[in-house]
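Enquirer: predicted model, plus sequence, below.
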Amino acid sequence: MPQTLFKIDLTKSMCEQEIVGHNRWHPDIPAVVSVNPGEVFRIECKDWTDGQIKNNDDPSDIRDVKLTVVHVLSGPIHVNGAQPGDILVVDLLDIGTLPGDEWGFTGIFDRGNGGGFLTDHFPNAAKAIWDIQGIYTSSRHIPGVQFAGLSHPGLIGCAPSHELLALWNKREKALVEKGGPPWKPPIPPLAALPNPENAILGSLKGSDFERVAAEAARTVPPREHGGNCDIKNLSKGSRIYFPVYVEGAKLSMGDIHFSQGDGEISFCGAIEMAGYLDLHVDLIKGGVEKYGLINPIFKPGPVEPRYSEYLVFEGISVDEFTGEQYYLDAHVSYRRACLNAIEYLKKFGFTGEQAYLLLSCAPVEGRISGIVDIPNACCTLALPTGIFEKNILPV
């Protein structure tokens, strides 16, 4: 087994760990460990909420979760020899649960605490607990379903430079100041701007902590460095190519998912879990310029659930409430595809909340199927029929 370089005690919060990670992005957060190119090692991670969600039937912890805590990350890891302009190559060798903690959760966030993709339809908090047995999972909260997971880190990336951090903060602040459509309140919010409340910044103390906490970017969105991309196919056997912005790269990771559907539509929508990642790292010197890298690229691994039969739901860019026609709007189209699937599953005994949770965490395939046929974009959601105990096909 690879040497564990970042170990987690699940009875303690991240700020109480022997090695303290972080929950913000900033180049001045000190690295906690160094590795050499070519090295193989293990990193353990808490769930993204730092243990706020419990294995019970009460969704009040989802309703009341403190979002200023998220996401708690393990790292940063200093890769010896990495310099700005290099590419950091990361191989995801293995992903798994921590012994004695073989469970995960999926949640619908309350509208008053951020909401989610379909918050206008599902404004109240709900959760499902999933029991994990090897590669399979099932839930007492969504009976009649079992599927194999495609486990992956929802969040992995390198530290930004000071210049890149300033760019993030400038453009996201401008978005918030611009505001959204006056007839529709921004739920979820337009962006999560720097916020020192509940910041965890590794070993930083005193004035350095206060300065970095005021500047550091939240971990909520994906950005040029990778970050919270929530790509379900970034799983075992994947090779990721990250642009390096600071000396040592300062790689961090967390938000491990046992399974997720494309889009992770309920926001807390994967099967979230604590777990471990086995990694191998290497460098391509000067690779950013050589390959024109702006965002990370990756080669998916060869291991994934083998579902071959799907029921596919279409959606078009027409508002479900007003009937307003949008122009090639993939966001609206995918929302309609999801809602169509939820209404269908309700005919087979699932509640709307159960169907929403299921589409968020099961291995569904989302696609932009048409983006040129004016005025309607067409998005599709492919639901594997093999995950159900009963036949869900029309007869």
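Expert: Structure received.
Enquirer: how much distance is there from stretch 134-152 to the middle of the chain?
Expert: Offset of stretch 134-152 from its chain centre (CA atoms, centre = their mean, to the nearest Å): 18 Å.
Enquirer: and that stretch, C-alpha only, in CSV?
Expert: The C-alpha coordinates for stretch 134-152 follow below in CSV (Å, rounded to 0.1, in the frame of the first residue of the first chain):
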residue,chain,number,x,y,z
GLY,A,134,-17.7,-2.8,-2.5
ILE,A,135,-18.6,-1.3,-5.9
TYR,A,136,-22.3,-1.2,-5.2
THR,A,137,-24.6,1.1,-3.3
SER,A,138,-28.2,1.2,-2.2
SER,A,139,-30.3,3.5,0.0
ARG,A,140,-33.0,2.9,2.6
HIS,A,141,-34.4,6.3,1.4
ILE,A,142,-34.8,5.4,-2.2
PRO,A,143,-35.8,1.7,-2.2
GLY,A,144,-35.8,-0.4,-5.3
VAL,A,145,-32.5,0.9,-6.7
GLN,A,146,-29.0,-0.5,-6.7
PHE,A,147,-26.0,0.6,-8.9
ALA,A,148,-22.3,0.4,-9.2
GLY,A,149,-20.4,3.6,-8.5
LEU,A,150,-17.9,5.5,-10.6
SER,A,151,-15.9,7.1,-7.8
HIS,A,152,-13.9,10.3,-8.3
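Enquirer: which parts of it are buried?
Expert: Across stretch 134-152, burial judged by 16 or more other CB atoms under 10 Å covers T137, S138, S139, H141, I142, V145, F147, A148, G149, L150, S151, H152. Backbone N, C-alpha and C define where each C-beta goes, glycine included.
Enquirer: quick check: the farthest pair among those residues?
Expert: Greatest spatial distance among the buried residues of stretch 134-152 (CB to CB): H141 and H152, at 22.5 Å.
Enquirer: pull the residues that contact stretch 5-21.
Expert: Defining contact as CB atoms under 8 Å, 6 or more residues apart in numbering, one finds that stretch 5-21 is touched by 23, 32-33, 35, 41-46, 50-51, 72-75, 77, 98, 101, 200, 202-203, 252, 254, 274.
Enquirer: my bad, should have said stretch 29-42
Expert: 1-6, 19-22, 75-81, 93, 159, 201-204, 212, 216, 248, 250, 276-283.
Enquirer: show the end-to-end separation of that stretch, please.
Expert: 21 Å (CA to CA, to the nearest Å).
Enquirer: now stretch 350-370
Expert: Terminal residues of stretch 350-370 lie 30 Å apart, using CA to CA.
Enquirer: state the mean pLDDT of it.
Expert: What stretch 350-370 shows for mean pLDDT is 98.
Enquirer: list the buried residues for it?
Expert: 350, 352-366, 369-370.
Enquirer: narrow the contacts of stretch 29-42 to those in helices?
Expert: V212 (DSSP state H).
Enquirer: phi, psi for M14 please.
Expert: phi -60, psi -40 (degrees, to the nearest 10).
Enquirer: what number of residues lie near the closest residue to it other than its chain neighbours?
Expert: Here the nearest residue to M14 in space, its sequence neighbours aside, is V72; by CB to CB, 6 or more residues apart in numbering that works out to 4.3 Å. Using other CB atoms under 10 Å, V72 is surrounded by 26 other residues.
Enquirer: do the same with V395
Expert: 4.
Enquirer: now D58
Expert: Count around D58 with other CB under 10 Å applied: 10.
Enquirer: same check, this time on the one 5 residues further on
Expert: Here the neighbour count serves as a burial measure; for R63 (other CB under 10 Å) it reads 17.
Enquirer: need the contact list for it.
Expert: So R63 contacts D110, N113, N124, A125 (CB under 8 Å, 6+ apart).
Enquirer: just the buried residues out of those residues, in ChimeraX syntax.
Expert: Applied in ChimeraX, the following selects the buried portion of those according to 16+ other CB under 10 Å:
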select :110,113,125
